[in-house]
Structures are given as structure tokens and as C-alpha cells.
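Asks: need coordinates for the below:
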Amino acid sequence: MNLKVTKGALALLGAISAIHGAAAQDVVKIGHSGPLSGPQAFSGKDNENGARLAIEELNAKPITVGGKKIKFELLSEDDQGDPKAGVQVAQKFIDGGVKYVAGPYNSGVAIPASRAYNDAGVLIATVATNPKITQQGYKGLFRVNASDTQLGSKMALYAAQELKFKTVAVIDDRTAFGQGVAEEFKKQAKASGMAVAGHEFTNDKAFDFTAILTKLKAKKVEAIFFGGYAPQGAPMARQMKQLGINAKLLGGDTICTAEMGKLGGDAVGDNVLCSQGGAILDKAAAGPRFKAAFKKRYNRDADVYAASYYDATMMYAQAMQKANSTDPAKVGPVIAAGSHKGVAGTYAFDAKGDMKESPVTIFTFKNGAPAPLTSY
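Replies: Here you go, the predicted structure:
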């Protein structure tokens, strides 16, 4: 009889302990909003993988906040790179209790979606580059990347100072990103003494640029800066080659991707140069470890912003520990006032939510893959 009582008591204690253990664990949802379908899906998936790697590492050695172990959960949604869909994703996250978001990736999505997130008290960390994003005055918004101002202007400075170009042209796809980065390139090009011989327009669904390129060929430009994405940049490079245009094709971070080489084939090589936020990963202290961990987990190399999404997720976790809370109203000010040393950079922000220091790396292409030239 006594033995039975002892067993029963132990079982009861075990049940109480299990309930207590469950109660002592908080689940924190991290939302990822990005293009997971369509021509930019390769970028969306890469970004999602960066955030997921961080979450898996955090859950493997659970952090404790406010005396409770934290379990992170990634919720990833396809915003299709479309503003309307992005706002719908934002509402879905808000309704689902998501308080932290990595993304959106596209500036055209980030601008309207950030309003919804701000009104709901959700923190967002975005790599979207249009300067308007941080000019909205939202306290819970952080840009974990260089802005168009830095990406466009540094590419123009490189063209003027290193390549010694005198005459350039601009094409933009009229998206919030493409237009923004093209205007910043054009502004700095003129300030650096280069002549901008033409500014042509296309869209992010186009694949035939023959008419635009033929017009620019007649102007004998030394470089064409394209404000847009790899699915358009690659056929543009192919058509430049077919038309015998020897000008360099320049661009921002969205053509600094292996997809550009994959789609462009032998038309994409040292004739293409692009600017990307962040330092050269191989030279960053934690870069090689991150690259190896990513390759082991996904059996592929990290692309443009996987490290930035990894860093953003880790930044959230570190700030929760410092704030000793998972409440975004308490975590946001810690991020705003602090500094997080990540893989791709050190994340310290100005009053608008832009990084105080964001190095920009200039890349070219070798064997179909982006190859870094210099950071400044």
C-alpha cells in the first residue's frame, strides 16, 4: 500500500513538474515577410533560411528572459513582392500575435506594410533600401542594411574614381527600390563629374530591353546603371552583349546575386558590377563560421542577405535578454539605444532607424557568382 502511495505521489509530482516546466517557457513568434513565389523567390527563400538558422541555433541553447526559457517560432509568409499582398501578410501576423518581423525585402512592400506594423506595436527589421522607409518616423522600424543613398552613391563613386568613367546612363524599373537607387546613383554621378547621357524606364515584369539599349548604344555610354532586380538585369546583360554594347552594367544589391549569373550565363562576368550593403563576409570575424553553418544546414551557399536576416533575428533575441522582457515596447528602445555585433556588420541605429555605419561592398562576377572587389 505504501509503495503504491509513493508511486502515485511521484507520478503527481512528475505531472506538476511537467506543467511547471511548460509554464516556464514562453513562445516568441518571429515573422518573415518576403517574396517566396515568382521571379524573386530565390531571394525570399535565402532570407528566410538566414532567419531560420538563427532561430534553430537559439532554440538549441535556449535563452532565458524574465526567468522563463524562450522558444522561438518562425512564421514565414509569401508577400509576393507586392504591396497589397505585403499589407495582407502584415495583418495576418498582427492578428496571429507576431510582435517581431524580419522583412519585408522589397521597398515597395515595406513602405505600406510598416504603417500597419507600427500601428500594432510590432518591431520590424528590414533590408529594404528606399530612404522613404525610415523617413516615416516609426520608432519600431530598423533598417539592417545600407540605404539607396549609400548603395547608389557608392556605386557612382566607384565608377568615377576607380573606373574613371566620364559618361553613363540610367535605367530604372519604376519600383520604389529601382527608382530610389537609380536617382541616388544619378545624383552622385553628376556630383562626381560624370555626364548622365540618358535615363530610361522599364518595369519589373519586362524581359525585352532592345529598344532602350539601342537608344543608349547610340550615346556611346561607358556604363549603364540599372535600378532593378536580377530577373530583369540578367536578360539586360544578355541583350547588351547581343547588341555589341561594351559598356559595363552597374546595379545595386538586388543584382548582386548568384541568380544574376545563373540567368545571365556567359553574358554576366567582369562586365557587371554591383553594390551591396555589409562588409565582405570572408573578412568578417564571424563570416566563415556563418557561411559554413549555412552551407551545412541548407546544402547551398548563403546569398545576398541571409546573414542580415540571421543578424536581425539574433539582434531581437539579444535585446530581449538586455530588456529582460519579450514585450516589443521594452525591447524596441534597447535596440534603438544599443549596439549588436552581427555577422554582416555592427547594428547601431540613428534616430530614424538607419544604421550609423553601414559598409558597402562592390562586387563583380566570376564563374557566375558575385566576387567582392572592395569595401568602403
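
Asks: and residue 46, what does it touch?
Replies: Neighbour list for residue 46: 302-306 [criterion: C-beta atoms under 8 Å, 6 or more residues apart in numbering]. For every residue, glycine as well, the C-beta is placed using N, CA and C.

Asks: how does it look with 10 Å?
Replies: 34, 105, 257-259, 294, 298, 300-307, 309 (C-beta atoms under 10 Å, 6 or more residues apart in numbering).

Asks: tell me which element it is part of?
Replies: Following DSSP states H and E, one finds residue 46 within helix 41-60.

Asks: return the distance of that helix from the chain's centre.
Replies: 12 Å (C-alpha atoms, centre = their mean, to the nearest Å).

Asks: average pLDDT across stretch 67-81?
Replies: Average pLDDT, stretch 67-81: 97.

Asks: same deal with stretch 211-226?
Replies: 97.

Asks: what comes up buried for it?
Replies: Within stretch 211-226, the residues scored as buried using 16 or more other C-beta atoms under 10 Å are 212-213, 216-217, 221-226.

Asks: looking at those, which are in helices?
Replies: Taking DSSP state H as the definition of helices, the buried residues of stretch 211-226 contribute 212-213, 216-217.

Asks: picking up where we left off before, from the contacts of residue 46, which is closest to residue 73?
Replies: residue 309 (15.6 Å; C-beta to C-beta).

Asks: the helix or strand containing residue 365: what's the following helix or strand?
Replies: If you go by DSSP H and E, residue 365 is part of strand 360-366. Next helix or strand after strand 360-366 toward the C-terminus (DSSP H and E): strand 369-375.

Asks: quick one, that next one and strand 360-366 angle?
Replies: Angle, strand 369-375 to strand 360-366, by axes from the mean of the first three to the mean of the last three C-alpha atoms, to 10 degrees: 140 degrees.

Asks: re the thing from before, pLDDT on the strand holding residue 365, on average?
Replies: Here the average pLDDT along strand 360-366 is 95.

Asks: can you name the two of the ones in helices among the buried residues of stretch 211-226 that sit furthest apart?
Replies: The distance between the two most remote of those (C-beta to C-beta) is 9.8 Å, for 212 and 217.

Asks: re the thing from before, which of the contacts of residue 46 count as buried?
Replies: 34, 105, 257-259, 294, 298, 302-307, 309.

Asks: in CSV: these, plus pLDDT.
Replies: Below are those laid out as CSV (pLDDT from 0 to 100):
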residue, pLDDT
34, 98
105, 97
257, 92
258, 91
259, 93
294, 98
298, 98
302, 93
303, 88
304, 87
305, 93
306, 95
307, 95
309, 98
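
Asks: so where do the helices sit in the protein?
Replies: Taking DSSP H as the criterion, the chain carries its helices at 2-23, 41-60, 83-95, 107-119, 148-161, 176-191, 210-217, 230-242, 258-264, 287-298, 306-323, 328-337.

Asks: check these for me and report the most buried one.
Replies: helix 306-323 (a mean of 25; mean count of other C-beta atoms under 10 Å).

Asks: and the angle from that helix to helix 41-60?
Replies: Going by the same axes, to 10 degrees, helix 306-323 makes 30 degrees with helix 41-60.

Asks: mind checking how far helix 306-323 is from the chain centre?
Replies: On C-alpha atoms, centre = their mean, the centre of helix 306-323 falls 14 Å from that of its chain.

Asks: tilt between that helix and helix 287-298?
Replies: Using the same axes, to 10 degrees, helix 306-323 lies at 100 degrees relative to helix 287-298.

Asks: which stretches of this structure have low pLDDT?
Replies: 1-24 (pLDDT under 70).

Asks: I'd like the distance between the closest residue in space to residue 300 that isn't next to it in sequence and residue 52.
Replies: Nearest residue to residue 300, sequence neighbours excluded (C-beta to C-beta, 6 or more residues apart in numbering): residue 294, at 7.9 Å. To residue 52, residue 294 is 10 Å away according to C-beta to C-beta, to the nearest Å.

Asks: hang on, isn't residue 220 packed against residue 247?
Replies: Yes. Using C-beta atoms under 10 Å, residue 220 makes contact with residue 247 at a distance of 8.5 Å.

Asks: which neighbours do the two have in common?
Replies: In contact with both residue 220 and residue 247: 167, 169, using C-beta under 10 Å, 6+ apart.

Asks: who are the contact partners of the residue nearest to residue 300?
Replies: 46, 49-50, 53, 300-303, 306-307, 310, 343.
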